[in-house]
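> Structure of the sequence below:
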Amino acid sequence: MQSSAGMGAGGAGGRFGSQGAADPERGTAVPAPRSGTWHRANRWAALGTAGLSTTTGAVNAGIAAAPMSAGQAGFGPLPDTVVALDGFGPNEDPVQLHEAEEELLRQLPAARRADFVAGRRAAARAMAALGHTGPVLREDRRPLFPPGARGSISHCAGHIAASIASTHPTVAATGIDLERADRLTWGTATLICTPREVRWVAAARRRESRLSVVFSTKEAVYKALCALPSPRQPTFHDAELHIAGNRIGICVTDDLLPKGHRIFGWLELLRGSHIVTCVAIVDDLHS
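The predicted structure is shown next:
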């Protein structure tokens, strides 16, 4: 995955353990021990699940195909929140980007340009479904969505990308991650998972699929948390997941989530053995 996130754990796909600064759009982070205490578990009451395309037992049974594919957008379980997929092949005609996005594209090395275009196309598709237009720029090395929208972008091998965008007033931040379901090996489990998550992954017939779900969700958690003021950089063990079908309950250490906020996630299963995990942080104080 060449995406926007990275909670620190060396060895997961060869990207983690970098001693450089974290880049929420590319995916680098340093390893760190878990700290703090678990707080603010997920609450799903009154959220609803309209628009989700996955089947309830998909994670427990192993990753299975679902209708969503590149070039589509679909509404998530929150109002005014859209997930979109897109791609960009090396032989495709040039895509018309916003002038400000074109300037960002020119600053990138050639190897990263197709991913950038795919990501901005996915973001534009998500925002269009919400009636928004405008460029997605960069701020502090993460995507900067237009005023009134909170969003996130992820890329995957093959120049395909996913984006989440929300204009709901209580959504403070979002995160998204796109992964192949078979990318990780069992040997990385303890780097990514808490002991409880290790037991959940180990109980599966296809452990790699469950491990990919945990990894991908924590990448999305990292992006969402990095969009808010934080005392430190999140790590893999700062979050613990409770996954049931396509719903993902999330507990994080109490120093990372602002007072009055809660965090939760959901999962989309895609054609071609890919998964998309989405995370939203909701501000209950202003709901």
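> thought E268 was touching V276?
Yes: between E268 and V276 there is a contact at 4.2 Å, judged by C-beta atoms under 8 Å. Using the backbone N, CA and C atoms, a C-beta is placed for each residue, glycine as well.
> Might you report the residue contacts of G175?
5, 152, 164, 219-225, 227, 278-280 (C-beta atoms under 8 Å, 6 or more residues apart in numbering).
> Return the subset of those residues lying in helices.
219-225 (DSSP state H).
> Which of these lies at the shortest distance from F75?
Closest approach to F75 among the ones in helices among the contacts of G175 (C-beta to C-beta): A220, at 17.4 Å.
> quick one on the thing from earlier: hmm, which two among the ones in helices among the contacts of G175 are most spread apart?
E219 and L225 (11.1 Å).
> So if I had to pick from those two, which one is more boxed in?
E219 (29 against 26; other C-beta atoms under 10 Å).
> That one touches L184, doesn't it?
No: using C-beta under 8 Å, E219 is not in contact with L184; the gap is 11.5 Å.
> Can you report how many residues lie near D140?
12.
> Check G134 too.
So G134, with other C-beta under 10 Å, has 16 neighbours.
> Which residues are in contact with it?
Applying C-beta under 8 Å, 6+ apart, the residues near G134 are 98, 127, 146.
> and which of those residues is nearest A84?
For the contacts of G134, the nearest to A84 is M127 (8.5 Å; C-beta to C-beta).
> does the closest one count as helix, strand or coil?
helix (DSSP: H, G, I helix; E, B strand; the rest coil).
> pretty sure it contacts G148?
No: here M127 lies out of contact with G148, judged by C-beta under 8 Å, at a distance of 9.8 Å.
> Between those two, which is the more surrounded one?
The neighbour count for M127 versus G148, taken as other C-beta under 10 Å, is higher for M127 (24 against 12).
> got the contact list for that one?
M127 touches 82, 133-134, 145-146, 149, 151, 165, counting by C-beta under 8 Å, 6+ apart.
> what about the closest residue to D283 other than its chain neighbours, helix or strand, and which?
Distances taken as C-beta to C-beta, 6 or more residues apart in numbering place A172 nearest to D283, at 4.6 Å, with adjacent residues excluded. Using DSSP states H and E, A172 falls within strand 171-180.
> Beta-bridge partners for the closest residue to D238 other than its chain neighbours, please?
In space, and not counting its chain neighbours, D238 is closest to T253: 4.7 Å by C-beta to C-beta, 6+ apart. T253 has these beta-bridge partners by DSSP bridges: W38.
> what about T253, how many residues close to it?
Residues near T253, counting by other C-beta under 10 Å: 20.
> That one and R232, how far apart?
From T253 over to R232 the distance is 10 Å, taken as C-beta to C-beta, to the nearest Å.
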